[in-house]
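# Structure of the sequence below:
(chains A and B)
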Protein chains: 2
Amino acid sequence: MRIVSLAGGVGGARFLRGLQAAAPDAEITVIGNTGDDITLFGLRVCPDLDTVMYTLGGGINEDQGWGRAAETFTVKEELAAYGMEPQWFGLGDRDFATHIIRSQMLAAGYPLSQVTEALCARWNPGVRLLPMSDDRTETHVVITDDTGRHAVHFQEWWVRLRASVPAEEIVLVGAADAKPAPGVLDAIEAADVVILPPSNPVVSIGTILQIPGIRPALERKPVVGVSPIINGSPVRGMADACLTAIGRETTAQSVLDLYGAPLLNGWLVAEEDATTTHPGITVEPHPLLMTTPETTRTLAHAALTLALNLANKPTHP
Amino acid sequence: MRIVSLAGGVGGARFLRGLQAAAPDAEITVIGNTGDDITLFGLRVCPDLDTVMYTLGGGINEDQGWGRAAETFTVKEELAAYGMEPQWFGLGDRDFATHIIRSQMLAAGYPLSQVTEALCARWNPGVRLLPMSDDRTETHVVITDDTGRHAVHFQEWWVRLRASVPAEEIVLVGAADAKPAPGVLDAIEAADVVILPPSNPVVSIGTILQIPGIRPALERKPVVGVSPIINGSPVRGMADACLTAIGRETTAQSVLDLYGAPLLNGWLVAEEDATTTHPGITVEPHPLLMTTPETTRTLAHAALTLALNLANKPTHP
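Numbering: from 1, shown residues only, chains lettered A, B, ... in the order given. As a prediction, the model looks like this:
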């Protein structure tokens, strides 16, 4: 069985672990969000790709869900001692090595997809991890503060400001000219089913969907999504701030409508959101909290089962 | 009083500490060797400049004489876990921060002299530290091994091979086109005296002397050198391997002849080498071992006193 999954960071990576447990023999291709990527200290940092790679490769800090286990912060402290900015992004020493290698390979002319493959050769994540695009795109957030209305990098809004300043607009800079990374469209084309984990619908999944060609390819496939919202609250993170920025409510219904048809064929929601509906989309209630490996596996299994059932429905091409 | 000193790494930096103690009110400009510089993992590393900066700024590992105190090696271990080469150069986590900042500033277009000044703003070394040149030069060593006769970077010969393979030639690549860094010739011009510490005469002092314009400027000044050789052995390091490579014996006499006149006016040697002579150069015996701050200060004081005496001799312009 061939599965394609889109993924943001922590939530997506945890879900993928459940998906691997639910379908140990499946060939899973993960299309990772790179809109969060940022250049810090001259080094290219890909937080979502790394979170997936570290999580599936056994290197993640399990407690916080991102960053390396047993991490130290000597380089960061030294950079701060020199007065270097920014100091609000917590790059650890182990993590630095990843960014040093990535930056060196990018500078040598390798595309991000090949760099990611090279890094994964160490981690063996058990999935094929592809960036959504080799072209540089960056999510910027328009805010108004003392200095007026201006755009900041997504990480600055998310990490430094903790999304406390309202986002007036969220823009994926470079999206119009970006091409899907090599392998992305082929993987979707070859997929039996596609699963959208409960990643952020705006700045993770929504970002991937903005790369020209990806959404139309997905629309030809049986796609099941897992709601990132339970009873009006994000499962994790600050999806509410992102949904508000694009004029949407923070509800399972709102995200369902955002994805809509013909992209989605199935939608898993919490019991509390069982009344959620959308024409042409099968909605199923299921416990959504990924609190243990077993609940996570069960959730992924439910998404996969629904997708396979929908794939076999004669109404679907 | 204005003093100019040339400097390599460990020995030069230690001597400079003695010079600061011997002349606490002097304005000292240090012209640092950059022939050892190397790009590792995409980062520009300047071992000699950093050794001077850390030593005079209080950040050095006192036991080994180079690298940072309380250093850790997490980034290096992680790079090795990815299989990255080279693994023979011991960059520490604290040290990495310095190279990250340097590389970022160089990439932004700042010349090395300005980068060095920016880094020194943190360390306050108490001297003005200038690279010999903002132009990139690199010391390469010609060796013959299983793969034939070829050139390797100085650091590969020095650190990886521990100078165990005979150097057939030592070449400063880029020397002919290099210009002294801004401030270098002015500092020499304004100097009352110039001191050559017991740094490596071939790959440290000898390298600096190869930058067009520096040697002629020094020849117009009272210059006193401190022998890096005592009784046929290097005070520290592997100067013998370098001297052999350029067809010289490892003796105080040999180094004296290498520098020669009109560059040198005075030469400090160990008691064992008191018979060393050269026409036009005043040779004085003095204990050369820099085993304590006090012996180091006394040595620097002797070099400075000799230089000042020679500066006042009517025979010197």
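
# Just the pLDDT for the nearest residue to residue A:56 once chain neighbours are set aside.
For residue A:56, ignoring the flanking residues on the chain, the nearest one in space by C-beta to C-beta, 6 or more residues apart in numbering or on different chains is residue A:125 at 3.4 Å. In short, each C-beta sits where N, CA and C put it, glycine included. Looking at residue A:125, its pLDDT stands at 98.

# After the strand of greatest length in chain A, which helix or strand is next?
Counting residues, the longest strand found in chain A (DSSP state E) is strand A:138-145. Heading C-terminal from strand A:138-145, the first helix or strand you meet, by DSSP states H and E, is strand A:148-153.

# related to what we said a few turns ago, just say helix, strand or coil for the residue nearest to residue A:56.
What DSSP: H, G, I helix; E, B strand; the rest coil gives for residue A:125 is coil.

# That one and residue A:52 touch, don't they?
Yes - between residue A:125 and residue A:52 there is a contact at 6.8 Å, judged by C-beta atoms under 8 Å.

# Name the residue in those two with the higher neighbour count.
residue A:52 (31 against 23; other C-beta atoms under 10 Å in any protein chain shown).

# How about the contacts made by the more buried one?
A:7, A:9, A:12, A:13, A:16, A:30, A:32, A:125, A:127, A:129 (C-beta atoms under 8 Å, 6 or more residues apart in numbering or on different chains).

# circling back: ok and the longest strand of chain A relative to strand A:148-153, angle-wise?
Calculated by axes from the mean of the first three to the mean of the last three C-alpha atoms, to 10 degrees, strand A:138-145 forms an angle of 150 degrees with strand A:148-153.

# Pull the residues that contact stretch A:141-161.
With C-beta under 8 Å, 6+ apart, stretch A:141-161 has contacts from A:35-36, A:38, A:47, A:86, A:88-90, A:138-140, A:163, A:165-171, A:203, A:238, A:245.

# ok, the longest strand of chain A: who's next to it in the sheet?
The sheet places strand A:138-145 alongside strand A:148-153 (antiparallel), strand A:169-173 (antiparallel), with pairing taken from DSSP bridges.

# Please work out the average pLDDT along the top helix by length along chain A.
Counting by DSSP state H, the longest helix found in chain A is helix A:293-311. Helix A:293-311 carries an average pLDDT of 98.

# which outside residues touch it?
Residues contacting helix A:293-311 (C-beta under 8 Å, 6+ apart): A:3, A:14-15, A:17-19, A:21-23, A:192-195, A:222-226, A:265-266, A:268, A:282, A:284, A:286-290, A:316.

# now those: which count as buried?
For these, a neighbour count by 16 or more other C-beta atoms under 10 Å in any protein chain shown gives the buried set as A:3, A:14-15, A:17-19, A:22-23, A:192-195, A:222-226, A:265-266, A:268, A:282, A:284, A:286, A:288, A:290.

# burial of the nearest residue to residue A:113 once chain neighbours are set aside, as a residue count?
Leaving aside its sequence neighbours, residue A:113 sits nearest to residue A:181 (C-beta to C-beta, 6+ apart; 4.3 Å). If you count neighbours by other C-beta under 10 Å, residue A:181 ends up with 24.

# Over to the one 5 residues further on?
The burial count assigned to residue A:186 is 13, neighbours taken as other C-beta under 10 Å.

# wait, what's in contact with the closest residue to chain B within the stretch 101-250 of chain A?
Nearest residue of the stretch 101-250 of chain A to chain B: residue A:104, at 3.8 Å (C-beta to the nearest C-beta). Counting by C-beta under 8 Å, 6+ apart, residue A:104 makes contact with B:41, B:42.

# who in the stretch 51-200 of chain A is up against chain B?
A:72, A:74-75, A:78-79, A:81-84, A:93-94, A:96-98, A:100-101, A:103-104, A:107, A:119, A:122 (C-beta under 8 Å from any C-beta of the partner chain).

# Kindly recompute the last result at 7 Å.
Residues of the stretch 51-200 of chain A found near chain B (C-beta under 7 Å from any C-beta of the partner chain) are A:72, A:74-75, A:78-79, A:81-82, A:84, A:93-94, A:96-97, A:100-101, A:103-104, A:107, A:122.

# low-scoring pLDDT stretches of chain A, where are they?
Residues of chain A meeting the criterion pLDDT under 70: A:314-317.

# which residue ranges form the helices in the stretch 1-150 of chain A?
A:10-22, A:47-57, A:74-81, A:93-107, A:112-123 (DSSP state H, counting those that start in this stretch).

# Dump those helices into TSV; add distance to residue B:311 as well.
Listed next are these as TSV, based on distance: least, C-beta to C-beta, whole Å:
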stretch	distance to residue B:311
helix A:10-22	68
helix A:47-57	60
helix A:74-81	40
helix A:93-107	49
helix A:112-123	58
